[in-house]
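Trainee: What follows is a predicted structure for the sequence shown.
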Amino acid sequence: MGQKGWTNIAFDKLNEKNSIYRPLNSKNMEQPANCCNKCCKCKHCVKRILIIGGITKFKQLYVNLVESCGYECEYLDGYMRRGDKLLERKIIKCDMVFCPVDCNSHNACASAKKICRKHGKPIKILTSSGITNMAEAIKSIDS
């Protein structure tokens, strides 16, 4: 049984149907359906998602959710105390960026959009940092 929390989301069931990725687990180590060399989790096949901000105490839930769907997860709190350099380095390493607006400063969202545009990275501005909203955003990646 997959991880299930107070949100009643079965993380291992999110990406079963209508997806190009199948869940990875330690028992069978299934490969992504569109893997180029039929390898397991090669850097060319698995997308890396950056989550900027959100609820800090949900960080591990976000990571578990993203990874249970077959993606890699990076997390960066929305504080801009270190400037744009760290944000830009993280965005360059990722394939897609999620930025919930309810837990980020206006400056963090604006900077993320600007840097994503500069490097040609897709960004999804989320209205809420809740787990359910994040799950819906992940489900909509390849649809």
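Mentor: Structure received.

Trainee: For the protein, which segments count as helices?
Mentor: 59-68, 84-93, 106-119, 131-139 (DSSP state H).

Trainee: Can you show me the CA trace of the third one as PDB?
Mentor: As requested, C-alpha coordinates have been extracted for helix 106-119 and formatted as PDB (Å, rounded to 0.1, in the frame of the first residue of the first chain):
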ATOM      1  CA  HIS A 106       5.400  38.500  -5.100                       C
ATOM      2  CA  ASN A 107       9.100  38.900  -5.700                       C
ATOM      3  CA  ALA A 108       9.800  35.200  -5.600                       C
ATOM      4  CA  CYS A 109       7.000  34.400  -8.100                       C
ATOM      5  CA  ALA A 110       8.100  37.200 -10.400                       C
ATOM      6  CA  SER A 111      11.700  36.100 -10.300                       C
ATOM      7  CA  ALA A 112      10.800  32.500 -10.900                       C
ATOM      8  CA  LYS A 113       8.700  33.500 -14.000                       C
ATOM      9  CA  LYS A 114      11.500  35.700 -15.400                       C
ATOM     10  CA  ILE A 115      14.200  33.000 -14.900                       C
ATOM     11  CA  CYS A 116      12.000  30.300 -16.400                       C
ATOM     12  CA  ARG A 117      11.300  32.400 -19.400                       C
ATOM     13  CA  LYS A 118      15.000  33.200 -19.800                       C
ATOM     14  CA  HIS A 119      16.000  29.500 -19.800                       C
END
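
Trainee: Quick one: mean pLDDT for it?
Mentor: For helix 106-119, the mean per-residue pLDDT is 91.

Trainee: what sits up against stretch 108-119?
Mentor: Residues outside stretch 108-119 that contact it (Cβ atoms under 8 Å, 6 or more residues apart in numbering) are 52-53, 78-80, 84, 87-88, 91-92, 97, 99, 101, 104, 121-123, 125. C-betas here are computed from N, CA, C, even on glycine.

Trainee: Can I have the buried ones of those as a PyMOL selection?
Mentor: Buried residues among these (16 or more other Cβ atoms under 10 Å), as a PyMOL selection:
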select buried, resi 52+53+78+80+87+88+91+97+99+101+104+121+123
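
Trainee: Quick check: Gly70 touching Arg48?
Mentor: No: with contact defined as Cβ atoms under 8 Å, Gly70 does not reach Arg48; the gap is 11.4 Å.
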